[in-house]
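A.B. asks: got a sequence here, can you build the structure:
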Amino acid sequence: MIGTAPALIFDSFPWWVARPILYALFLGTGMALDETYVNRTTILAGSLAVAVHSVTAGGLWLPLSLYLDVGLVIGLYGLYAYVVDGYVPGWFRLLAYMLYSPLSVALVLLLPDVVFIVALVVAGYANVQLLAALHPVEPYYFGPDTPEAFARSASESGSPDPVERTDAAPGAGLGRAIAESSLFGGNAADGNDPDTHSPGGEEADDGGAHRGDPPSDRGVLPGFMRRI
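C.D. replies: Model (predicted):
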């Protein structure tokens with residue numbers, strides 16, 4: 001039998017500390033992935049937090065179990081839309097903002113299962129008030145506004161260019177060291193410079209100025225959570 005041992009740090013926490021940490025990690029990751037309070041990954045992140053609650057609590061009240069199952073299925077669709085930067089319809093946006101927002105999930109986790117409907121109503125009202133308080137800033141981002149905008153963006157962008165690092169970028173020397181090593185082809189012995197003789201080098205010099213630009217601001221999260 002294979003011996004097991006607890007994690008040195010995480011398992012040292014009592015359950016009533018470890019469980020909220022997992023909740024916060026899932027909800028925080030869901031906001032950070034698309035840089036806003038509510039986005040295409042919110043439903044899946046919130047549902048995973050509820051799943052942790054189900055596992056640690058030994059089960060859920062039946063209506064809350066349905067809430068979890070629906071969230072996991074729809075959340076996978078939202079994750080796919082996030083990966084391809086695709087359009088999500090209005091019903092998805094409404095569910096994400098009113099029923100599966102981080103505040104909604106947090107109240108569901110904090111309050112007893114039997115009053116989770118009340119938690120959703122309170123959170124929905126608070127989210128509506130947040131819209132009014134932050135206007136004209138929108139505390140959500142769901143990608144393209146229409147299917148046509150998504151199709152147009154996909155046709156214009158085409159295949160993305162490979163990421164090219166400058167000499168000053170972190171980790172820039174790793175690729176060169178591997179390329180010049182004799183184990184991976186010995187480019188140094190042949191006198192080939194991967195930077196000067198790589199295909200498309202001129203295009204990289206001409207178009208590289210925009211690669212380091214930060215994404216346009218959206219939502220209400222601080223700058224340190226902007227996508228790298």
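A.B. asks: residue ranges with poor pLDDT in this protein?
C.D. replies: By pLDDT under 70, the weakly predicted segments of the chain are 1-8, 10, 154-228.
A.B. asks: report the longest helix in it, please.
C.D. replies: In the chain, ranked by residue count with DSSP state H as the criterion, the top helix is helix 62-84.
A.B. asks: spatially nearest residue to Phe13 (excluding sequence neighbours)?
C.D. replies: What sits nearest to Phe13 in space, not counting adjacent residues and going by CB to CB, 6 or more residues apart in numbering, is Ile21, at 7.1 Å. (Each C-beta comes from the backbone N, C-alpha and C, glycine too.)
A.B. asks: what is the neighbour count of the one you found?
C.D. replies: 11 (other CB atoms under 10 Å).
A.B. asks: again with Gly59
C.D. replies: For Gly59, using other CB under 10 Å, the count is 11.
A.B. asks: show me the contacts for the closest residue to Gly75 other than its chain neighbours.
C.D. replies: Nearest residue to Gly75 in three dimensions, chain neighbours excluded: Leu44, at 2.8 Å (CB to CB, 6+ apart). Leu44 makes contact with Gly30, Gly71, Leu72, Gly75, Leu76, Gly78, Leu79, according to CB atoms under 8 Å, 6 or more residues apart in numbering.
A.B. asks: neighbour-wise, which of the residues you listed leads?
C.D. replies: Gly30 (31 neighbours).
A.B. asks: show me this protein divided up by domain.
C.D. replies: Domain assignment of the chain by automatic domain parsing yields the ranges 12-149, 172-212.
A.B. asks: burial count for Val55?
C.D. replies: Each residue near Val55 was counted by other CB under 10 Å, and the total is 12.
A.B. asks: then Asp34?
C.D. replies: Residues contacting Asp34 under the criterion other CB under 10 Å number 23.
A.B. asks: repeat for Gly28
C.D. replies: Residues near Gly28, counting by other CB under 10 Å, number 13.
A.B. asks: how much space between it and Gly46?
C.D. replies: Look at Gly28 and Gly46: by CB to CB, to the nearest Å, they are 11 Å apart.
A.B. asks: in what helix or strand does the closest residue to Tyr23 other than its chain neighbours lie?
C.D. replies: On the basis of CB to CB, 6+ apart, the spatially nearest residue to Tyr23 that is not a chain neighbour turns out to be Ala49, at 4.8 Å. Per DSSP states H and E, Ala49 falls inside helix 42-57.
A.B. asks: any buried residues in that helix, and which?
C.D. replies: Along helix 42-57, these residues count as buried under the neighbour rule (16 or more other CB atoms under 10 Å): Thr42, Ile43, Leu44, Ala45, Gly46, Ser47, Leu48, Ala49, Val50, Ala51, Val52, His53.
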